[in-house]
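Asker: okay, here's the prediction I keep looking at, along with the sequence it came from:
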Amino acid sequence: MITSDRLLLRPHTPEDLEAILAVTTDAAVNQFIRGMPTTREEAWRRLLQHTGHWSLFGYGMFAVVERATGTVMGELGLANFHRGLGASFDGSPEAGWLLRGAFHGKGFASEAMSAVLRWFDETRSELRTVCIIDPDNASSIQLATRLGFSPFGASEYRGATVTMFERQRPQLGREPSHLSN
């Protein structure tokens, strides 16, 4: 578990099924992301996938919980999705963030991903992380840039063009300004 000023980040539990379905069927989430689960069965498989990833790799996606209310706002973290985008992408842990539209624009994704990346950098040996973003998703591109990601290419994924971003782990012992809460 990771805590920040306003958030608790924890692995998913079976009780998160409805929250996952609420996130993956949210119109704001689906504006830029294709192929999200739309049924309880698909959301359940996603929950199991997240849990299994933690078991296999020791890291994965977190449920994002607002500490003040206990509300599951979304999910984010790092994972090996094996998207088939080539060795320059698929060989590195991939960052991803999904928050329901009601929580957009309030700094929650930045606060949570900053904490996750700090934890990942302190506990893992990987030197590079990546992410993909729809080129029209200005908010996610801005967040990725604040988190230290830089574009390095473009690719096709699920029938759409995506921009590929990469981030090099900061030197140990120095916390970059973009990771402050």
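Answerer: Nice, thanks for sending it over.
Asker: most centrally placed residue in this protein?
Answerer: Gly96 (2.3 Å; Cα atoms, centre = their mean).
Asker: I'd like to know how far that one sits from Asp5.
Answerer: Separation of Gly96 from Asp5 (Cβ to Cβ, to the nearest Å): 22 Å. For glycine as for every other residue, the C-beta is placed from the backbone atoms N, C-alpha and C.
Asker: pretty sure Leu98 is in a strand, no?
Answerer: Yes - per DSSP: H, G, I helix; E, B strand; the rest coil, Leu98 lies within a strand segment.
Asker: name the nearest residue to it, ignoring sequence neighbours.
Answerer: Gly74 (4.8 Å; Cβ to Cβ, 6 or more residues apart in numbering).
Asker: what does that neighbour show for phi and psi?
Answerer: Reported as degrees, to the nearest 10, the phi and psi values for Gly74 are phi 170, psi -160.
Asker: what does the one 4 residues further on give?
Answerer: Torsion angles at Leu78 (phi, psi; degrees, to the nearest 10) stand at phi -130, psi 150.
Asker: what is the burial count for it?
Answerer: Per other Cβ atoms under 10 Å, the neighbour tally for Leu78 reads 26.
Asker: please apply the same query to Phe165.
Answerer: So Phe165, with other Cβ under 10 Å, has 24 neighbours.
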